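Enquirer: output the structure for:
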Amino acid sequence: MKAESDERSVSAGTAPVTTAPATGDVTAPEQEGEERVLGSRAPAFIKARRTLHLSWQVGVFVVGLAVVAAGVAMLVLPGPGWVVIFAGLAIWATEFVWAQLVLRWTKRKVTEAAQRALDPKVRRRNIILTSVGLVIMAALVGFYLWKYGLVMPWKIGE
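Expert: Numbers count the residues shown, from 1 in each chain. Prediction:
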């Protein structure tokens, strides 16, 4: 078991992580300066018994896998695929450190993308590109209607 003062970096560019001696859970400092525990969030009575804890982890993994599989199916079928995939990842993150780190990285990247999208220069460029695209589409639809007219595939008059 590593001592509390042992620090190790999760990956390049992330905050140092420490291991708590009593539980073996990994902690990492949050942006506000508070420590957030990484690892199992199972109740203490489940963590106390190895067999029960292993069963708990298998159950969490199976439920998370089912949710992620449903999300992957929703990528090609109707439904909010990415939202469901991230929900499955959040389920896994209640028990597994790797999922917590992936979820934390994903949240950071989404926040960075949102900040970039709110940049005035980027917004102005997106508005201009959208306007140009709409003008081109309107011109193409207008040309088609001028050339071929509006013909409905059904015949109500007959």
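Enquirer: got any ranges where this protein has weak pLDDT?
Expert: Residue ranges of the chain with pLDDT under 70: 1-36, 157-158.
Enquirer: that one: helices as residue ranges?
Expert: 44-47, 50-76, 81-93, 97-117, 120-148 (DSSP state H).
Enquirer: which one of these is the most hemmed in?
Expert: Highest mean neighbour count among these (mean count of other C-beta atoms under 10 Å): helix 81-93, with a mean of 17. Backbone N, C-alpha and C define where each C-beta goes, glycine included.
Enquirer: how far off centre is that helix?
Expert: Chain-centre distance of helix 81-93: 7 Å, with C-alpha atoms, centre = their mean, to the nearest Å.
Enquirer: give me the distance between the residue nearest to residue 61 when sequence neighbours are not counted and residue 104.
Expert: Nearest non-adjacent residue to residue 61, counting by C-beta to C-beta, 6 or more residues apart in numbering: residue 92, 6.9 Å away. Using C-beta to C-beta, to the nearest Å, residue 92 is found at 13 Å from residue 104.
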